[in-house]
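J.: Kindly return the folded structure for what I paste below:
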Amino acid sequence: MKHEVRKVKKILSTKMGFFALAVILFWIKTYSIYKVEFNLGVSNGIQEFLLFFNPLSSGLILIGLALFAKGKRAGIWIIINSAVLTFILYANVVFYRFNSDFITLPTLMQTSNFGSIGGSIADLTKTHDMLYALDLILLIVLFIKYKMNWSIERMQLRKPIAVLTAGVIAFCINLGLAETDRPQLLERTFDRNYVVKYLGTYNFMIHDAIQSAKTSTRRVLADSDDITVVENYTKYKYAEPNPDLFGKGEGKNVIKIHLESFQSFLIDYELHGEEVTPFLNSLVGDESEDFTYFDNFFHQTEQGKTADAELIMDTSLYGLPQGAAFVTKGNNVFQSLPAIMAQQQDYTSAVFHGDGKSFWNRDEVYKHLGIDEFYHADYYDMSEENVINYGLKDKPFFEESMPYLEKMEQPFYAHMMTLTHHHPYLISEEDATIAPAETGDGSVDRYFQTARYLDESLEQFFHDLKESGLYEDSIIMIYGDHYGISDNHNRAMGEIMGEEITPFKNAEMQRVPFFIRIPGVEGQGTNHEYSGMVDVMPTLLHILGINAQDYIQFGTDMFSEDHKDVVPFRNGNFITESYSLVNDVFYDNDTGMEITEPTEEMLQQKEEVFHELELSDEVLFGDLLRFYTPNDQWKPVNASNYFYGNPSGKNNDVE
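T.: Below you'll find the model as predicted:
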């Protein structure tokens, strides 16, 4: 035993020995975090081996750079580099716990948003997270104990160069095996889980940096020929309007109500023998003559979440594969729903949101969308009793929005954005009117309480709309913006749903509600058409009597007989009425079983979904709409014509 201890001491008495220990600890920690924190969908032996192997190249190269330092400073840099890598890894752990995704450079550019998520971050940290710093503590202790034995001379260059070379060789082996199991890994996949699973978190971030650099040049290189390809595709996909509905809403106000983090499984769900959302339930099916409820409507957001939902529904473009277009492409030329409505039918427009005006860069991007007014936190009473979590509670939000809404010149387009039903679903005791669930998962348990609060807020708002006279003369759309419960909560959700949450079931749970009421038109009850957020804009334009074919849109009219019932997700997955593609596996929707021999039609549909997402990316990355004039009436939005100032007296000017 003493011999072994002396041997360890001898190894740690050298810089190379200390470095080797740092790499081994980093390797073990990274692989452990992969297994404990991330759901990467490992499905075979090669993938499991690569998950284990991929941290090695990152450790050898990124920690190995410290070996170029002189003398004992090499040990300090080994510790610093290890700490930086640990910080990056842990930041991804916290980010993944809510988003089921990994940090990208575009999301890092969205740092203005981070200040508002303090509550979420606190909820996402776990007690066992302290274990992820144990290796750093051990390295510091050993460095202090053994550094006096180290040489003060700089290490011969051949040693650090050999280490870096070994790291490059390890990466090449890693990439070669990954390409064997997943051909065109870096060229085709939209799903970051694949890149991390095969190449690791750090190599993914390097790949992401390279991709971000490439995309920054795409606008400069784009020209009018690029938009012609997109135009031909969208014209081919276009669905003729339903003649019974075309123009039925012309001249009517449009009130679009955004239900934060609201998934469709809440509709008609009972907890403790009570309906969670009794008011929304009353708008579904035979109980409501006014509304049509789409029960197979899916969100299509990615990292931008709420900002993606806004973009998709107001432009019929997909969000970006990384980051949020509101932040990284906010100065683009858009042909948005509010701008089209203003130019075609003299609509005024406004967004109502009880949060800071710069969150998601809204105070800038709204100008490029042609939105006339933006009622943000400065317009509302943000006193302590009115605010929780991200901002203004929903009940005072709707109540205080009514005077502004009544003041708007008609016809108007009003976008109402709720906030209370947002992770981590905080609610005060006096506002909670239903007991939490009892899964032991706080986020899931509270989810039903804030959903009930949102439902009550909505009922109050409908009452106020009817009292004001606005209800009868308004098209009303209600939709959920994105998932509220990520797949990191599958155990608890399995209890709620009474079944295992498989990857296929998780894809099915991306349903969010979509309701629409058209004045003078009898509601259809429940419409089972498969549709997504990109379909909302062409649907509404046709209801208003505006030909959607003039504009670049990737969705189709949800009421049209020619509506395309394929719903692509941002990561390349998609769902249809009969089958779905989830993580490169086809499933039968009726049975939930894997389709081992997909048909030619299925494979062709997969290629078309990839093509459509790529075309949408071309539009955003290349700012291609600057080259496109849809009709003689169109005038590009001039952002300098819009100004969202601070109100001098808040609600006093509209009393």
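
J.: for Val254, helix, strand, or coil?
T.: strand (DSSP: H, G, I helix; E, B strand; the rest coil).

J.: Let me see the contact set for it.
T.: Residues in contact with Val254, defined by CB atoms under 8 Å, 6 or more residues apart in numbering, are 341, 347, 411-414, 474-475, 477, 540, 544. Every C-beta, even on glycine, is put in place using the N, C-alpha and C of the backbone.

J.: Same check on Leu131?
T.: Residues near Leu131 by CB under 8 Å, 6+ apart: none.

J.: gap between it and Leu138?
T.: 12 Å (CB to CB, to the nearest Å).

J.: Could you list the low-pLDDT ranges of the stretch 201-350 of the chain?
T.: Along the stretch 201-350 of the chain, segments meeting pLDDT under 70 span 215, 285-288.

J.: Could you report the neighbour count for Gly356?
T.: Number of residues near Gly356 (other CB atoms under 10 Å) recorded here: 19.

J.: er, Leu280 I mean
T.: As a measure of burial, Leu280 has 24 neighbours, counting by other CB under 10 Å.

J.: hang on, it packs against Phe514?
T.: No: Leu280 is not in contact with Phe514 according to CB atoms under 8 Å; the separation is 11.6 Å.

J.: Please enumerate the shared neighbours of those two.
T.: Ile478.

J.: Helix, strand or coil: sort out Glu500 for me.
T.: Here Glu500 is recorded as coil under three-state DSSP.

J.: which non-adjacent residue is nearest it?
T.: The shortest distance from Glu500 to any residue other than its chain neighbours is 5.5 Å, reached at Gly494 (CB to CB, 6 or more residues apart in numbering).

J.: so how far is Pro396 from the one you found?
T.: In terms of CB to CB, Gly494 sits 36 Å off from Pro396.

J.: of those two, who's got more company?
T.: Under the criterion of other CB under 10 Å, the comparison of Gly494 against Pro396 puts Pro396 first, with 18 against 15.

J.: looking at it, that one is touching Asp381, isn't it?
T.: Yes: Pro396 lies in contact with Asp381 (CB under 8 Å); the separation is 6.6 Å.

J.: now, which of the contacts of Val254 lie within strands?
T.: The strands, defined by DSSP state E, take in 412-414, 474-475, 477 from the contacts of Val254.

J.: Please identify which pair of those lies farthest apart.
T.: Phe412 and Met477 (13.6 Å; CB to CB).

J.: list the contacts for Gln410?
T.: Contacts for Gln410 (CB under 8 Å, 6+ apart) come out as 253, 348, 473.

J.: Give me the buried entries from those residues.
T.: 253, 348 (16 or more other CB atoms under 10 Å).

J.: and which of the contacts of Gln410 is nearest to Tyr202?
T.: Thr348 (49.6 Å).

J.: Pairing partners for that closest one in the sheet, please.
T.: For Thr348, the beta-bridge partners are Phe412 (DSSP bridges).

J.: Looks like it contacts Glu409 (just checking).
T.: Yes: with contact defined as CB under 8 Å, Thr348 reaches Glu409; the gap is 4.8 Å.

J.: Can you pull out the low-pLDDT segments for the stretch 451-600 of the chain?
T.: Judged by pLDDT under 70, no stretch of the stretch 451-600 of the chain qualifies at all.

J.: hey, where'd the strands end up in it?
T.: Secondary structure of the stretch 451-600 of the chain (DSSP state E, counting those that start in this stretch): strands at 474-480, 514-517, 525-527, 531-532, 567-568, 574-575, 579-582, 585-588.

J.: domain assignment for the chain?
T.: The record assigns the chain these domain ranges, following automatic domain parsing: 2-216, 248-560.

J.: residue contacts, Asn386?
T.: 380, 392-393, 396.

J.: Now, the residues you listed that are in helices?
T.: Pro396 (DSSP state H).

J.: Sort out which one of the contacts of Asn386 lies nearest Gln633 for me.
T.: Using CB to CB, Tyr380 comes nearest to Gln633 of the contacts of Asn386, at 36.0 Å.

J.: distance of that closest one from Tyr453?
T.: Tyr380 is 17 Å from Tyr453, by CB to CB.

J.: Over to Glu385?
T.: Separation of Glu385 from Tyr453 (CB to CB): 15 Å.

J.: More neighbours: those two, which one.
T.: More crowded of Glu385 and Tyr453, by other CB under 10 Å: Tyr453, with 24 against 10.

J.: Hmm, the more buried one is touching Asp394, no?
T.: Yes: between Tyr453 and Asp394 there is a contact under CB under 8 Å: 6.5 Å.

J.: which residues are common contacts for the two?
T.: The contact sets of Tyr453 and Asp394 overlap at 420-421 (CB under 8 Å, 6+ apart).

J.: tally of neighbours for Val637?
T.: 21.

J.: typo on my end, it should be His489
T.: Neighbour tally, His489, other CB under 10 Å: 21.

J.: Tell me which residues touch it, please.
T.: Counted by CB under 8 Å, 6+ apart, His489 has contacts 441, 443-444.

J.: Against Gly247, how distant is it?
T.: Applying CB to CB to His489 and Gly247 gives a distance of 44 Å.
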